[in-house]
Each structure stands twice: as structure tokens, then as C-alpha cells.
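Engineer: Return atomic coordinates for the entry below.
(chains A, B, C and D)
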There are 2 protein chains.
Amino acid sequence: MGTPLPRDPIADAQRNWERHGWGDVAAPMAAITAIMRTQQILLARIETVLKPFGLTFARYELLALLSFARSGALPMNKASALLQVHPTSVTNAVDRLEKAGLVARSPHPTDGRTTLIELTAEGRTLAKKATAALNSEVFGNSGFGADDVDHLIRVLGTFRRDAGDFTEE
Amino acid sequence: MGTPLPRDPIADAQRNWERHGWGDVAAPMAAITAIMRTQQILLARIETVLKPFGLTFARYELLALLSFARSGALPMNKASALLQVHPTSVTNAVDRLEKAGLVARSPHPTDGRTTLIELTAEGRTLAKKATAALNSEVFGNSGFGADDVDHLIRVLGTFRRDAGDFTEE
DNA sequence: GCAATATACTAGGACATCCAAGGGTTTGGA
DNA sequence: TCCAAACCCTTGGATGTCCTAGTATATTGC
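Structural biologist: Numbering: from 1, shown residues only, chains lettered A, B, ... in the order given. Model prediction:
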């Protein structure tokens, strides 16, 4: 990053699109590019808050998911589905969390193919602390107004449903 | 990806947040998580369209940026600033694009520290084709209504400005 | 019951992003 | 004038994501 630019590069791109005769898709292009950039900004903020805890966002998401599991344990494939990431990404995250003593692998009692992941005591404690930090430093200061938050949840929810993330609603 | 989930995992997370007494930040948390997931979906769509061209999104963005440059060439640091990515990411992209014969490095005429990147003829042609494909297959079918597109552009634009991306109004 | 198919996890590889550090070039103040 | 500070790019390392392939275990169908 660095110094702010004098002008919005995405608005410039939208003007370039229009200038080249692609006016019919210039606005969606700008919206999509803005989503990409916003994600980048938010991820950087989150990672900054999590760094003191020795966590990354991917690892934090797994800890948070486990902390809400009724039984306290989840099969890897379940975690992969709920976090909507590739199974190998979960393997990667669990490897590192396990090495840090925050989660533990255990065999599934009845299905030999399945591995359960479970929070350790330290994992549960760290998840709580990290959540508190994120709540106060990122989510509590998102930079979005309440109306915009509601709108984002609704619009992006519809988008995700249409994209095949889930069927409910 | 796999089968659609029966329920929206982000809505579930929001309920979990509320259930744990973090109701005041549950909605922003859900909105931010939805942005992360939406970015992931959009990026996957874009990469799928670009794959036949041998391009990734990062490389495409650089090609597109160069194709709009008046002089046809840009300093690396300028590209880094406009694309809002780390200089090393530009180095990485240019390395691969150069190896593919799509861009060329050249020394800056007056500043020995600076390297200019310029589209080759093939690079310019490929950028055009890739843009046409993205326009018709992704941007022209974004899944967002026109009103939602306008709203996203406005809300995310404000967010990015407040985050220090640019100063213009 | 046994073979074929499906499912679960992991290993290896390609890419992207960032940070830290290093080497060359310019600029600016003493 | 001259040297320190600032700037530009690259290298090397850590992480995350995905894909493909391989191994092990379950399930299904004949």
C-alpha cells in the first residue's frame, strides 16, 4: 500500500470500460472489482488483529467454527463444507493448528476414513480472546453504516444462494 | 465445490454470534464474512474464464491496466499503486507475463531505478480477447441487479476511500 | 460375498500475497 | 561537493488456495 491515490482507480477503470464501448458491463465490472479490493482491505485488517495471537484468518475461522460445534469436534469434511474451502486447505490449517497445540486430530469412532478435529483447552481460550479482539477492532468498527450492513447481507446472501452455496430461504 | 449446504453458514454464524452475546457486532461480522465469500466465488468464476487464455486474474489485471495506458508503458511502481498490490506481486506477475511474451521490461529513460513494463503485440491481442470473454461471461452475468450494482459501487467506494485507497470524492 | 464405485484425507505442485532484507540509483541537506 | 536518506526493484521465505493423484475405508450392486 502506501499513499492514497489522487483518484479512485476503480472509477477510472469503469470510465475506461465505457470509453471502449463496454458501457453495458462497466458498472458490474466496477462493482466486482470493488468487492475484490474491499475483501483485500478487510483481510489485511483482520490479519493485523490476529497476528499477536499467532493466528491467521484461515486458522481463526476453523477455531471459531469448532468453538460453536455442539460436540466440540467436527469431521474435516464437515469443516471443509461449512467454511467453503477445499479439503486440502483444511488439512493445511489443521496441520499448523495441531502443531501449535490448539486443536487435536482423533479418529472417527465408526468411520475409519474420517478424522475428527477438536479444540484443545488452549485452543478454546485463544479462540475466545481472538474473537473478542476481532469484535472490538474490526467488526465493531467496520466502516459500514447499519443500513449498508443490512443491504450487504441481503444482496450478497442472494448472490451466494444463486451461486449454489446453500439452498435454504 | 461440493453440494449446496442446507442452510446459509454465514447466517448460522450470525446467529451464533448473537447467541453468545455479541449481537451488537453480529451483523457487521456477517456482512464482512459475506464479502469474503463473495470474493472467493467471483474470483473462481474469473479464473475459470481466464484459464483458456493462460492467464490468472492478477496477470490479466496487469495486462488490462497496460492496455489503457496512454503511452503504452508504465513504471512498475505505478502499476503497483494502481492495482493496489505489493510491489513484489507486480514483480511476480511481470516475470510470468514476460516469460509468456505478453509484456516486456525496459529501462526508464531518465531514472535508473525504474523499470517500465510494456505490452507486446501478443499481449495487447490477448488482453482484448480476455476482456471480451470476461465481459460476456462474468461481468455481463454478474448475478447482481442494476440497483444492487449501483449500491455496491457507492457503499464500497466510500469504504475504500475511508480506508485510504484514494482521496478524491 | 466380492468387486466396483464412492468417500475421506493427504502429498506434491502451481500461483498469489505479503514481509523483510539487499543492492543499485537519486535526491537533498550539511 | 558528498554522504545519508529516500526510492525502486528483486530475492527469499511464510501462508493460503486450488488442482491432481494416491491411499485407505465404506457402501453398493450383482
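
Engineer: how close does A:Asp24 get to DNA strand D?
Structural biologist: In this view, A:Asp24 and DNA strand D are 29 Å apart by Cβ to the nearest atom of the strand, to the nearest Å. Any C-beta I mention is one placed from the backbone N, CA and C, and that applies to glycine too.

Engineer: pLDDT weak spots in chain A?
Structural biologist: Applying pLDDT under 70 to chain A picks out residues A:1, A:169.

Engineer: Could you list the domains of it?
Structural biologist: Domain segmentation of chain A under automatic domain parsing yields A:8-53, A:55-136.

Engineer: do you know which of those domains lies nearest B:Asp95?
Structural biologist: Closest approach to B:Asp95 among the domains of chain A (Cβ to Cβ): domain A:8-53, 21.3 Å.

Engineer: about what we covered before: need the domains of chain A in a markdown table with mean neighbour count and distance to B:Thr88, can you?
Structural biologist: What follows is the domains of chain A, written out as a markdown table (neighbours: other Cβ atoms under 10 Å in any protein chain shown; distance: least, Cβ to Cβ, whole Å):
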| stretch | mean neighbour count | distance to B:Thr88 |
| --- | --- | --- |
| domain A:8-53 | 18 | 15 |
| domain A:55-136 | 17 | 19 |
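
Engineer: May I see these arranged in TSV, with distance to B:His86 as well?
Structural biologist: What follows is these, written out as TSV (distance: least, Cβ to Cβ, whole Å):
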stretch	distance to B:His86
domain A:8-53	11
domain A:55-136	17
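
Engineer: Please name whichever of those domains is nearest to B:Val138.
Structural biologist: Ranking the domains of chain A by distance to B:Val138, with Cβ to Cβ as the measure, places domain A:8-53 first at 7.3 Å.

Engineer: Tell me if that closest one is near DNA strand C.
Structural biologist: Yes - Domain A:8-53 lies within reach of DNA strand C by Cβ under 7 Å from any atom of the strand, at A:Gln40, A:Ala44.

Engineer: anything in that domain near chain B?
Structural biologist: Yes - Domain A:8-53 is in contact with chain B by Cβ under 8 Å from any Cβ of the partner chain, via A:8-11, A:13-14, A:16, A:22, A:24-25, A:27-32, A:34-43.

Engineer: Show me the one of the domains of chain A that comes nearest B:Ala121.
Structural biologist: domain A:8-53 (18.4 Å).

Engineer: Give the other helices and strands that whichever helix in chain A runs longest contacts.
Structural biologist: The residue-count maximum for a helix in chain A (DSSP state H) belongs to helix A:23-50. For helix A:23-50, the packing partners by 3 or more Cβ pairs under 8 Å, 6 or more residues apart in numbering or on different chains; DSSP states H and E come out as helix A:9-19, helix A:57-68, helix A:121-137, helix B:23-50, helix B:121-137, helix B:146-162.

Engineer: Distance to A:Arg105 for the ones you listed - can I get that in CSV?
Structural biologist: Below are the helices and strands packed on helix A:23-50 laid out as CSV (distance: least, Cβ to Cβ, whole Å):
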stretch, distance to A:Arg105
helix A:9-19, 43
helix A:57-68, 12
helix A:121-137, 12
helix B:23-50, 26
helix B:121-137, 41
helix B:146-162, 39
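
Engineer: In chain A, what residue comes closest to DNA strand D?
Structural biologist: Going by Cβ to the nearest atom of the strand, DNA strand D is nearest to A:Gly112 of chain A, at 2.5 Å.

Engineer: any residues touching stretch A:15-22, and which ones?
Structural biologist: The contact list for stretch A:15-22, computed with Cβ atoms under 8 Å, 6 or more residues apart in numbering or on different chains, reads A:Gly23, A:Val25, A:Ala26, A:Met29, A:Ala30, B:Phe68, B:Thr131, B:Asn135.

Engineer: change it to 6 Å
Structural biologist: A:Ala26, A:Met29, B:Phe68, B:Asn135 (Cβ atoms under 6 Å, 6 or more residues apart in numbering or on different chains).

Engineer: just the CA coordinates of that stretch, formatted as CSV?
Structural biologist: The C-alpha trace of stretch A:15-22 is given here as CSV (Å, rounded to 0.1, in the frame of the first residue of the first chain):
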residue,chain,number,x,y,z
ARG,A,15,-14.6,5.1,-17.3
ASN,A,16,-12.1,3.2,-19.4
TRP,A,17,-14.6,0.4,-20.0
GLU,A,18,-17.3,2.9,-21.0
ARG,A,19,-14.8,4.7,-23.3
HIS,A,20,-14.1,1.4,-25.1
GLY,A,21,-17.8,0.7,-25.8
TRP,A,22,-18.4,-1.7,-23.0
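
Engineer: now it: how far from the chain's centre is it?
Structural biologist: Offset of stretch A:15-22 from its chain centre (Cα atoms, centre = their mean, to the nearest Å): 33 Å.

Engineer: where's the residue in chain A positioned nearest to DNA strand C, which helix or strand?
Structural biologist: Going by Cβ to the nearest atom of the strand, DNA strand C is nearest to A:Asn77 of chain A, at 2.9 Å. Using DSSP states H and E, A:Asn77 falls within helix A:76-83.

Engineer: Whether stretch A:110-118 contacts DNA strand C - can you check?
Structural biologist: Yes - applying Cβ under 7 Å from any atom of the strand, one finds stretch A:110-118 touching DNA strand C at A:Asp111, A:Arg113, A:Thr114, A:Thr115.
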